[in-house]
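# this is a predicted model, with the sequence first.
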Amino acid sequence: MSDLNLCRSAAATLAGFISCLPVVAHAEAVTFAPHRAVYEITLANSAAGSGVSDMSGRMVYELTGSSCDGFTQNMRFVTRMSNQEGTETINDLRTSSWEELAGKRLRFSSTQYQNEVIAEASQGDAVRNKSTSGADVDLVRPAKKKVTMPAGIYFPMQHAAALIQSAKAGQPHLAANLYDGSEKGEKYYVTNAVIGKKHERGAVANAAAIKDAAKLEGLSSWPVAISYFDPGKDNEDTLPAYELSFRYYENGVTENLKIDYGQFALKGELKELTVLPQGKCANDAP
């Protein structure tokens, strides 16, 4: 698994599904809180032969926008990895996307630097196909190409909404095909999410050290674990490409991140949280 995939997976889980294939009948709308979150990345564990002896870094995630104008996600994920020989590699992933929350359109771009040299880049525009409920993707980078995603594909913010709706409805499982423009914009993942018992309401564990952590008090949250599988495989007999777990607040904020690749795992501790102003809609009262 490349570092690009590792970083893209973290971004993807910070985002969900509303209109095309409703998973919860008459589900209430999800109100996402625009925010900026900073996570400290450390190596949780590493197996012999993984090629990873140490890894550390930082992920900065920002969500802005509104349900009427769409949401923009920006992320920068920088890690320093050491192997058993002591060689260090610095990976720097920068991603940006805009998504129409009703699931009609997703614009995305990402650039991966390795030791300050561009290693991979992708950019494209995915539009919901009304006939198939899939998506038609026009890629610009790494090369101009048209790609078709299958029926019922979820975009990231749609998937985030679906997770929260399922959690509020007491549904412990959510299966979804997820597309976020990663893997050069040509691939989607088959995902299975397990949603645990709702936490007692309250802020994050280290709230005193985090700006705006108090704004999470009184919000519901749930432990969530998502397994990501390559499409076309029998998920019952195949290990996932990776697994992601986190505590998910009903406003879209996450903490206690863990990305598990089997041979090694990373954890992300929320260090900074800044709640940003809500985007305005045209019919908002002055």
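Arrived safely. Numbers count the residues shown, from 1 in each chain.

# show me where pLDDT drops low in this protein?
Residues of the chain that meet the criterion pLDDT under 70 lie in 1-28, 202-203, 205, 208, 233-237, 282-286.

# quick one, strands of it?
Assigned by DSSP state E, the strands in the chain fall at 35-46, 54-66, 70-82, 88-99, 105-114, 117-128, 135-141, 145-149, 173-178, 189-195, 221-229, 242-249, 254-260, 264-275.

# nearest to A207, out of the ones you listed?
Closest to A207 of those, according to CB to CB: strand 264-275, at 9.4 Å. No exception for glycine: its C-beta is placed from N, CA and C like everyone else's.

# any idea of the angle whichever helix in the chain runs longest forms with strand 54-66?
The helix that spans the most residues within the chain, counting by DSSP state H, is helix 156-168. The directions of helix 156-168 and strand 54-66 differ by 90 degrees, with axes from the mean of the first three to the mean of the last three CA atoms, to 10 degrees as the criterion.

# pretty sure D54 contacts S82?
Yes. At 4.3 Å, D54 counts as touching S82 under the criterion of CB atoms under 8 Å.

# follow-up on the earlier one: which one of the strands of the chain lies nearest to K211?
Using CB to CB, the strands of the chain put strand 264-275 closest to K211, at 5.9 Å.

# what helices and strands are in contact with the closest one?
On a contact count with 3 or more CB pairs under 8 Å, 6 or more residues apart in numbering; DSSP states H and E, strand 264-275 meets strand 35-46, strand 54-66, strand 254-260.

# save the ones you listed as CSV, and put in distance to T87 and mean neighbour count too.
What follows is the helices and strands packed on strand 264-275, written out as CSV (distance: least, CB to CB, whole Å; neighbours: other CB atoms under 10 Å):
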stretch, distance to T87, mean neighbour count
strand 35-46, 15, 18
strand 54-66, 11, 19
strand 254-260, 22, 20
